[in-house]
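Visitor: compute the structure for the input listed below.
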Amino acid sequence: MFRLWAKIFKDNRMLQDTCIADESADTRTHKVFHALDEICRQFDLSKPVWLDKNISDFKRHKKTRFTQDNFIESVEFDYLEIHVIEEDT
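Guide: This is a model prediction of the structure:
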């Protein structure tokens with residue numbers, strides 16, 4: 001099973017969170033993008049743009065933060081953090 005935890009923070013306080021589970025046979029990359037699509041749908045957000053910093057953080061630590069710089073429209077929070085908490089072995 002693959003699980004991705006998403007959290008929205010403002011002023012160092014978590015405002016919302018959700019956990020997306022995926023049991024499909026897709027690749028890890030597809031699972032991440034499908035989970036991010038679902039997160040954006042649940043939080044009513046546009047899809048964030050993956051910058052080089054996000055890609056390197058996600059590869060290295062299995063998590064990354066999307067700030068205002070990653071969104072085309074204005075957001076009401078400081079950052080959206082996604083974190084892989086369980087992966088298929």
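
Visitor: doesn't F43 make contact with F71?
Guide: No. Using C-beta atoms under 8 Å, F71 is not in contact with F43; the gap is 11.4 Å. Glycine gets a C-beta too; all of them are placed from N, C-alpha and C.

Visitor: hey, where'd the helices end up in the protein?
Guide: 28-43, 52-61 (DSSP state H).

Visitor: buried sites along the longest one?
Guide: Translated: helix 28-43. Neighbour-count burial for helix 28-43 flags 31-32, 34-36, 38-40, 43 (criterion: 16 or more other C-beta atoms under 10 Å).

Visitor: show me the contact partners of stretch 41-50.
Guide: With contacts defined as C-beta atoms under 8 Å, 6 or more residues apart in numbering, stretch 41-50 is touched by 6, 8, 16, 18, 36-37, 39-40, 54, 66, 70-73, 75, 80.

Visitor: distance of I72 from S46?
Guide: 6 Å (C-beta to C-beta, to the nearest Å).

Visitor: for the record, mean pLDDT for stretch 27-43?
Guide: Here stretch 27-43 scores 95 as its mean pLDDT.

Visitor: what's the most distant pair in the contacts of stretch 41-50?
Guide: In terms of C-beta to C-beta, these reach their longest pairwise distance at T18 and I72, which sit 21.8 Å apart.

Visitor: the more surrounded of those two?
Guide: More crowded of T18 and I72, by other C-beta atoms under 10 Å: T18, with 14 against 9.

Visitor: give me every residue that touches that one.
Guide: Neighbours of T18 in contact, by C-beta under 8 Å, 6+ apart: 5-6, 39, 42-43.

Visitor: in CSV: those, plus distance to D88.
Guide: Converted to CSV, the contacts of T18 look like this (distance: C-beta to C-beta, whole Å):
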residue, distance to D88
W5, 16
A6, 19
I39, 19
Q42, 23
F43, 25
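
Visitor: okay, now D22: neighbour count?
Guide: D22 - counted by other C-beta under 10 Å - has 19 other residues nearby.

Visitor: try the one 3 residues further on
Guide: By the criterion of other C-beta under 10 Å, A25 has 8 neighbours.

Visitor: okay, now the unreliable bits of the protein?
Guide: 89 (pLDDT under 70).
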